[in-house]
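Enquirer: My questions concern the predicted model and sequence given below.
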Amino acid sequence: MSLLPKKERYVLMTGNDALCLGALKAGLKFYAAYPMTPASSILHTMAASEHDYKIIVKHTEDEIAAINMVIGASIAGSRAMCGTSGGGFSLMVEGFGFGAIIETPFVVYVGTRAGPATGMPTWTGQGDFRFVMHASQDEFPRIILAPGDAAEAFQLAYRAFNMADRYQIPVIILSDTYLADSLFTISVRDFEVRDPINRGAVIRIEDTDNVSEAKWNKPYKRYDPAAPNGISPRAIPGVKGHIFLANSDEHDDYGYSEEDAENRKKQMDKRMKKLDAIVKNNDAAAPNWYGRKKANKTIVCWGSTKGVAQEALKHAKDVNVLHFNHLYPLNTKIVQKELNKIKRSVCIEGNYDGLLYSYLYEKTGYKCDETFLKYDGRPFFVEEVIEKVQ
């Protein structure tokens, strides 16, 4: 007996390793983190890649330092990311809001584990979705991506940086211990990317070589509320004639503190318009179907439950899967269209409250017929999913 060689090449890696490769492929230049499972392995991989990829990796004293370093690196023009779990992200929340109000692009990896506080450090869960969607006070735009396997971890990490730069907002990659540490066999074709690196509306030093010396110290409207889709060009520090203030207070067009009511409304509208632009530009991706086109029952799921749901299709009769890996913002028209194809549904999630279940009801009016919720720290097993959907 012999094993025939396959024409297609495959690699074996964890979800976090694939995510690291996606970030490096996207041009990541700065990574900062304080170790916290299940994000610790990202710090290890990035540190091992520091010299080969010419990146800067910082093991910071805490999560507050990590996110503020990342924001500083992004202001300086680098693609930057930090990684943590729910407890660490709790410490990052104030910095997260700071990065949002100064409209600085950056990526945050949040690997969910079970429980509040220390919880269960080496176990899994999907309980942080609502937390990251509403983290930090008041309202501001963000994007939340939730990869379902290693291939999606690579692709969505790459995409996260393009979207952060394009819309000048923070992007969260929401994962969990199960996806982070599981090993996957994936095709090398899954490492191919279609879209080129897109840094968005950015003014570089070389773009202003012809600016006269008299204008070198002139400020510019970094936060111009008249900018199309709320996206005003951002300048890298040192650009002639483009001085601005990165200010955590509500500010005017130039970044200076301003509490005037009219200015507040203009700046708020400027930032929030980006959510509409994300949907309009088709960057709020639709959920993906797996299995037969029509079925009597549909498994509705998100993130790492993708794999077990797909495996259940091999054994369950007359079932298909609708999987969400782009959680926020939703293109409600497209999502409603997909949900209307369902005859009967069961929403499978690793949390107590049914976070996707209630989110879909809130945004689209669609209510899944059943829920299957698991919150003991263990991932879903194929046998229990089959039993639920049959």
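Expert: Yes, it's here.
Enquirer: Please count neighbours and contacts with C-alpha atoms only from this point.
Expert: Will do.
Enquirer: List the buried residues of stretch 51-65.
Expert: Ile55, Ile56, Val57, Lys58, His59, Glu63, Ile64, Ala65 (16 or more other CA atoms under 10 Å).
Enquirer: The residue nearest to the first one when sequence neighbours are not counted: which element?
Expert: Same thing as Ile55. Nearest non-adjacent residue to Ile55, counting by CA to CA, 6 or more residues apart in numbering: Lys29, 4.5 Å away. Assigning secondary structure by DSSP states H and E places Lys29 in strand 28-33.
Enquirer: Neighbouring strands - and their directions - for that strand?
Expert: Neighbouring strands of strand 28-33 in its sheet, by DSSP bridges, are strand 56-59 (parallel), strand 79-85 (parallel).
Enquirer: Distance to Glu384 and mean pLDDT added to these, as a markdown table?
Expert: Formatted as a markdown table, the strands paired with strand 28-33 follow (distance: least, CA to CA, whole Å; pLDDT from 0 to 100):
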| stretch | distance to Glu384 | mean pLDDT |
| --- | --- | --- |
| strand 56-59 | 40 | 98 |
| strand 79-85 | 27 | 99 |
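Enquirer: What is the end-to-end distance of stretch 198-208?
Expert: Using CA to CA, to the nearest Å, the end-to-end distance of stretch 198-208 comes to 20 Å.
Enquirer: Buried residues in that stretch, which are they?
Expert: Buried, per 16+ other CA under 10 Å, within stretch 198-208: Arg199, Gly200, Ile203, Arg204.
Enquirer: so what's Tyr109 up against?
Expert: Shown in contact with Tyr109 (CA atoms under 8 Å, 6 or more residues apart in numbering): Ala39, Met81, Cys82, Gly83, Thr84, Ser85, Ile172, Ile173, Leu174, Ser175.
Enquirer: what's the answer for Arg199, then?
Expert: Asn162, Asp165, Arg166.
Enquirer: following the one helix or strand the last one maps to, which helix or strand comes up?
Expert: Which is Arg166. Element membership for Arg166 (DSSP H and E) is helix 150-167. Going down the chain from helix 150-167, the next helix or strand is strand 170-176, by DSSP H and E.
Enquirer: Which residues does that next one contact?
Expert: Outside strand 170-176, the residues that touch it by CA under 8 Å, 6+ apart are 38, 96, 99-100, 104-113, 124-126, 129, 132, 141-147, 156-157, 160-161, 163-164, 303-304.
Enquirer: mean confidence for that strand?
Expert: Averaged across strand 170-176, pLDDT comes to 99.
Enquirer: For the next helix or strand after it, name the packing helices and strands.
Expert: Note on strand 170-176: by DSSP H and E, the next helix or strand toward the C-terminus is helix 177-181. Applying 3 or more CA pairs under 8 Å, 6 or more residues apart in numbering; DSSP states H and E, one finds that helix 177-181 makes contact with strand 10-14, helix 15-25, strand 106-112.
Enquirer: Distance of Ile42 relative to Thr208?
Expert: 37 Å.
Enquirer: and what of Glu61?
Expert: 38 Å.
Enquirer: Next: Phe106.
Expert: 25 Å.
Enquirer: cool, and Leu322?
Expert: 49 Å.
Enquirer: isn't Gly377 right next to Gln126, touching?
Expert: No. In terms of CA atoms under 8 Å, Gly377 does not count as a neighbour of Gln126; the distance is 9.3 Å.
Enquirer: Helices along the stretch 201-350 of the chain, start to end?
Expert: When assigned using DSSP state H, counting those that start in this stretch, the helices of the stretch 201-350 of the chain occupy the ranges 261-280, 306-313, 332-339.
Enquirer: want to throw the ones you listed into TSV with distance to Val385?
Expert: Below are these laid out as TSV (distance: least, CA to CA, whole Å):
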stretch	distance to Val385
helix 261-280	33
helix 306-313	7
helix 332-339	20
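Enquirer: quick revisit: now the strands paired with strand 28-33 as CSV including distance to Tyr366?
Expert: Shown next, in CSV, are the strands paired with strand 28-33 (distance: least, CA to CA, whole Å):
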stretch, distance to Tyr366
strand 56-59, 44
strand 79-85, 30
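Enquirer: quick one: which of these is nearest Tyr220?
Expert: Closest approach to Tyr220 among those (CA to CA): strand 79-85, 22.9 Å.
Enquirer: Doesn't Leu91 lie inside a helix?
Expert: Yes. The assignment for Leu91 by DSSP: H, G, I helix; E, B strand; the rest coil puts it in a helix.
Enquirer: you'd agree it is up against Glu63?
Expert: Yes. At 6.1 Å, Leu91 counts as touching Glu63 under the criterion of CA under 8 Å.
Enquirer: Need the overlap of contacts for those two.
Expert: Counting by CA under 8 Å, 6+ apart, no residue touches both Leu91 and Glu63.
Enquirer: Quick one: low-confidence residue ranges for the stretch 251-390 of the chain.
Expert: Within the stretch 251-390 of the chain, not a single segment meets pLDDT under 70.
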